[in-house]
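1. this one's structure only:
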């Protein structure tokens, strides 16, 4: 773990403090898309949104190097599940772009209180992370669709499938990985 600039620590704390409000707003923006699939429940999508915010909070704090692979996993997972939810590729991008808007809206007071150079640096970092998340979500989405085209690989029927229990286990695994990184940093 490396030392983190106080600006980044502040951003991490703000994301954590406003997590529930941000999930509610993000869910509101997703609207009917959240319940378009019978396999993926609204509760599971909201759980995924919360995990994305948890990982993001760690990414802008002192654990940014350690959580980088977890960020890639959780956002790629988001894309795979978006395919199961029946979204189009553009909708996956749009849903991840909502994260950018959430960060701007809910971190604006904290960013405005910073010196201009610090605020700009923080905004650039957050934008890079969201851009990387969008990229990984599209990769996950594309992989899920390609998987449906490969005969004999469990796919080949034209529709991405996933068991809700598998989806939940995947989220749990990612959450545990994040918890281990955070716990190992606490012991240093």
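-> Received it, and whenever you're ready, just let me know what you need. Here the structure is a predicted model, which is why all the values come from computation and not from measurement.

2. now residue 123, what's its secondary structure?
-> Secondary structure assignment for residue 123 (DSSP: H, G, I helix; E, B strand; the rest coil): helix.

3. So the residue lying closest to it once chain neighbours are set aside versus residue 19, what's the distance?
-> Here the nearest residue to residue 123 in space, its sequence neighbours aside, is residue 111; by CB to CB, 6 or more residues apart in numbering that works out to 6.5 Å. (Each C-beta comes from the backbone N, C-alpha and C, glycine too.) Using CB to CB, to the nearest Å, one gets 17 Å for the distance from residue 111 to residue 19.

4. cool, and residue 145?
-> Separation of residue 145 from residue 19 (CB to CB): 31 Å.

5. center of this protein, which residue is that?
-> Nearest to the mean C-alpha position of the chain, counting by CA atoms, centre = their mean, stands residue 52 at 3.0 Å.

6. Which positions in stretch 10-29 come out as buried?
-> Applying a neighbour-count criterion of 16 or more other CB atoms under 10 Å, one finds 10-12, 14-15, 18-19, 22-23, 25-27 buried in stretch 10-29.

7. Show me which helix or strand of the chain is least confident by mean pLDDT.
-> Ranking every helix and strand in the chain by mean pLDDT, DSSP states H and E puts helix 6-17 at the bottom, with a mean of 87.
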